[in-house]
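Novice: When you get a sec, could you give me coordinates for this:
(2 chains)
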Amino acid sequence: MALAGANPLDGFAALLSGALGGPRQLAETLVQTTALLFPALAVAFAFRAGLFNIGAEGQLVVGGLCAGLAGASLVAPGYVAIPLVLAAGAAGGACWGAIAGFLRARFGASEVIATLMLNVVALLLANYLVSGPLRAPGAQGPETALLPAAAWLPVVARGTRLTLAFPLALLLAGLLRFVFARTVFGYELRAAGEAPEAAARAGVALRRVAFTAIALSGAIAGLGGATIVAGTLHRFNVSLSPGYGFVAIAVALVGGLDPLRIVLAAFAFGILQSGSLTMQALAHVPKDVVSIVEGLAILALAARRVVAPRIATA
Amino acid sequence: MSAAGGAALALHGVGKVFAGGTAALSNVDLALAPGEIHALCGENGAGKSTLAAIAAGRLAPSAGRVERAGRVGLVHQHFELVERLRVWENVVLGREPRRGLRVDAAAARESVRTLARAHGLEVDPDAVVETLPVGVAQRVEILRELARDPRVLILDEPTAALAPGEIETLFATLRSLAARGTAILVITHKLDEVLGHAARVTVLRGGRVVMRATTDATSAAAIARAMVGGDVAPLAARAALTPREGLTVRSLRAGNGAQALAGVSFAVRRGEIVAVAGVEGNGQTTLVDAVAGTIPYAGEMSLGGRVLAPGDPAARIATGVRTIPQDRRREGLVLTWSVADNATLGDQARAPFARGGLRDARAGEAFARDIVERFDVRVPSVRTRAAALSGGNQQKLVVARALAHDPALVVAYQPTRGVDVAAAALVRSRLIEARNAGAAVLLVGFELDELLALADRLFAIYRGAFVAEYARADFDRARIGAAMAGAA
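Specialist: Now for the predicted structure:
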């Protein structure tokens, strides 16, 4: 911050007050936390199976698109509409992830490349669809029609944008922890990730695990996209994610791939995201500093994982 | 650092305490005379490798001092070669002859060739290291050290991966080196090597010297007792029984390249141990993987008359096929997991360890405590991470897991590799007990002593084919060794 010509203390103060200064700010921080938490859990889920899903962004966009399309054409009461919209998002993300999962399981294609490329495909495809064939009549920008109010996620803190998505994300984190620790599926998934050769000898079907893990990872990210559509935007818009799916990789790593610690990491990154605008306005620190901090966090973690073991064994 | 009393290497009261307070060595004295071959023995974790590292100057002692008359070369158990480089590049690495800014490849190649010829270490200077068999790669490693003109050469478990013939060649090389005045310290726990090739032996236990002797004044039993700190348990007795139908393999073809199996047929009946003896890289890996069901194959396999479908390891485990893989760290264990979680690997989806897709961690821990006790796996708790166990205890855990469920067929691939005397004795006895209990045991390896001690029948494998079969009554080391070398 000093490099950017501002007083770092003022910068931090502005960042924190912007993120935690009052109930409204806190709620907005939790909105950001939620948006990061879904894709971060998605990344962690695949990572636990030894797969690097960089495609959470694309899966999130496709999930949001499916949710937006399903929701806009829906005439039903909330208790039917909301689950349907969320399910559509999860299904969309799962299908998008399944493409990479299929390539990996069938042909041994690198899931890193496949998911990375599918990000671009997802963004361009969504852009084309909502700019052209699926654009809502009379819409101002590239977006689908407004969801009927019945399909909106209920707000849990009055006067804010914080919706049911937040408790849902927390619930999902708890569920994943349970899956990892207590289920046979989670055990086999972790075995495939930690020691694939030992897992194969123990009867774990590595291909099936790889396919399932990426598809479910995509479902989680897609669900995240659906909660943004049904929770905050109430329609699909191509700019629904400012890169949540990418920051999520850092969140997942900072959280050590443990669902509960990822909740804390998502909150910390949520503070950065939501406080950055206030910081820019009050302390004249460019909000890009936050991106730099996030980048440094990734570098530091990568160093710890890659470099530290080498030093230890040297 | 001067040589005291003409010794090539002398350690005086050397001690080493690692961060965390573990004392690896205490008060060790050791002197090597020029031209002497000296054996250093001890169980896993006795401090042998630490001692080697200190002697070579790679590790600083916490106490005592080291005197060297010259360079001390160290040949590691796990080779330290650059796999993608050629032999000559590895040998001159770090001290390349130069011509201006470039490496003088012709001169380097010639110097390596001269050095190899002078020491009778046959190797092609232009071969890429990763394409070389283990025995040849080891020659490269020795050449690299010799190029630096050492006064002392230390070899850490040099025969762990060598076939019988290669072992003889290695010791012939070492003897000729010693004849030229190089002092040689061989770290090993194979007692026949100690007695056959070394003049003196030093035994470490728990970081202390517990025995010093000249080899003509001691015996294998005495050295083993010193290593273990007591008597080594005798091998379990073989029960006389009538074998029943077990594993039947017909025209098995699998794998490719040097490891390909070219239509192998054999049977392992329940109640017998059948050994497959061969030099590494003649199809053993393919054989073990095919029987375990982890690779595709052509041909037919059945167990107790029931056909085993290819490509389904889970189904094999369910019918009682258990594997003790060659590489416990990669193929046998999830090192980051607890002993308890590893104990259920392979049975994760079965009662009592799981019901309706949910794991019962308590049942897993109870089972782990039971096998840890029965197989003498030394662990502080079953919640300890597998990575924290010594190699011998990791191996005992893998063996325990394979034998605990009354298997119909056990595939054991070098089940005592890199394991100390006491642990190896226990593993061998447990395999015999499994046979006595009616398991069919397929034992694959190259350590003839072990195979001859355990097997009821033995096949020699060479280039993917079973070239000879022997019954226990006519086991003959020399003939089997020749068959393994392809001279049957």
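Novice: which bits of the stretch 151-300 of chain A sit near chain B?
Specialist: A:182-185, A:187-188, A:190-191, A:194-195, A:197-205 (Cβ under 8 Å from any Cβ of the partner chain). Backbone N, C-alpha and C define where each C-beta goes, glycine included.
Novice: which residues does the residue of the stretch 101-250 of chain B found nearest chain A contact?
Specialist: In the stretch 101-250 of chain B, the residue that lies nearest chain A is residue B:156 (16.1 Å; Cβ to the nearest Cβ). Residues near residue B:156 by Cβ atoms under 8 Å, 6 or more residues apart in numbering or on different chains: B:48, B:49, B:52, B:74, B:75, B:76, B:77, B:187.
Novice: check contacts around residue A:206.
Specialist: Counting by Cβ under 8 Å, 6+ apart, residue A:206 has contacts A:192, A:196, A:199, A:200.
Novice: Quick check: residue A:125 vs residue B:289, distance?
Specialist: Residue A:125 is 43 Å from residue B:289, where distance means Cβ to Cβ, to the nearest Å.
Novice: For the two, work out which one has more neighbours and name it.
Specialist: residue B:289 (25 against 16; other Cβ atoms under 10 Å in any protein chain shown).
Novice: where does the residue nearest to the more buried one when sequence neighbours are not counted fall, helix, sheet strand or coil?
Specialist: Once flanking residues are discounted, residue B:289 sits nearest to residue B:295: 4.4 Å by Cβ to Cβ, 6 or more residues apart in numbering or on different chains. Under DSSP: H, G, I helix; E, B strand; the rest coil, residue B:295 falls in the coil class.
Novice: okay, now residue B:295: neighbour count?
Specialist: 17.
Novice: Can you check the pLDDT for it?
Specialist: pLDDT recorded at residue B:295 is 92.
Novice: My guess is it contacts residue B:287. True?
Specialist: No. Here residue B:295 lies out of contact with residue B:287, judged by Cβ atoms under 8 Å, at a distance of 10.1 Å.
Novice: For those two, list the residues in contact with both.
Specialist: Counting by Cβ under 8 Å, 6+ apart, the shared contacts of residue B:295 and residue B:287 are residue B:254.
Novice: Quick check, the residue in the stretch 201-314 of chain A closest to chain B?
Specialist: Residue nearest to chain B within the stretch 201-314 of chain A: residue A:203 (3.0 Å; Cβ to the nearest Cβ).
Novice: which residue packs closest to residue B:455, ignoring adjacent ones?
Specialist: Setting aside the residues directly before and after it, residue B:455 is nearest to residue B:275 in space (Cβ to Cβ, 6+ apart), at 3.6 Å.
Novice: For the residue lying closest to residue B:60 once chain neighbours are set aside, give its distance to chain A.
Specialist: Excluding the flanking residues, the one nearest residue B:60 by Cβ to Cβ, 6+ apart is residue B:54, at 7.5 Å. From residue B:54 across to chain A, the span is 17 Å (Cβ to the nearest Cβ, to the nearest Å).
Novice: Report the contact partners of residue B:54.
Specialist: Counting by Cβ under 8 Å, 6+ apart, residue B:54 touches B:11, B:14, B:16, B:25, B:60, B:61, B:66.
Novice: okay, which residue is most central for chain B?
Specialist: Taking Cα atoms, centre = their mean, the centroid of chain B lies closest to residue B:417, which sits 3.3 Å from it.
Novice: ok, back up a step: so what pLDDT did the residue nearest to residue B:60 get?
Specialist: Reading off the confidence values, residue B:54 has pLDDT 93.
Novice: tally of neighbours for residue A:268?
Specialist: Neighbours of residue A:268 under the rule other Cβ under 10 Å: 17.
Novice: Residue A:255 is in contact with that one, correct?
Specialist: No. Between residue A:268 and residue A:255 there is no contact under Cβ under 8 Å: 9.3 Å.
Novice: where exactly do the helices run in chain A?
Specialist: Ranges of helices within chain A are A:8-20, A:23-48, A:56-72, A:78-107, A:111-131, A:165-182, A:184-194, A:196-201, A:206-228, A:244-254, A:259-283, A:288-313, based on DSSP state H.
Novice: Most tightly packed of these?
Specialist: For these, average neighbour numbers computed from mean count of other Cβ atoms under 10 Å in any protein chain shown are highest in helix A:56-72, which has a mean of 31.
Novice: which sections of the chain are below the confidence cut-off?
Specialist: You didn't say which chain, so I picked chain A. Within chain A, the segments meeting pLDDT under 70 span A:1-6, A:139, A:302, A:304-314.
Novice: switch to chain B, that's the one I care about
Specialist: For chain B, the ranges with pLDDT under 70 are B:1-5, B:20-22, B:161, B:488.
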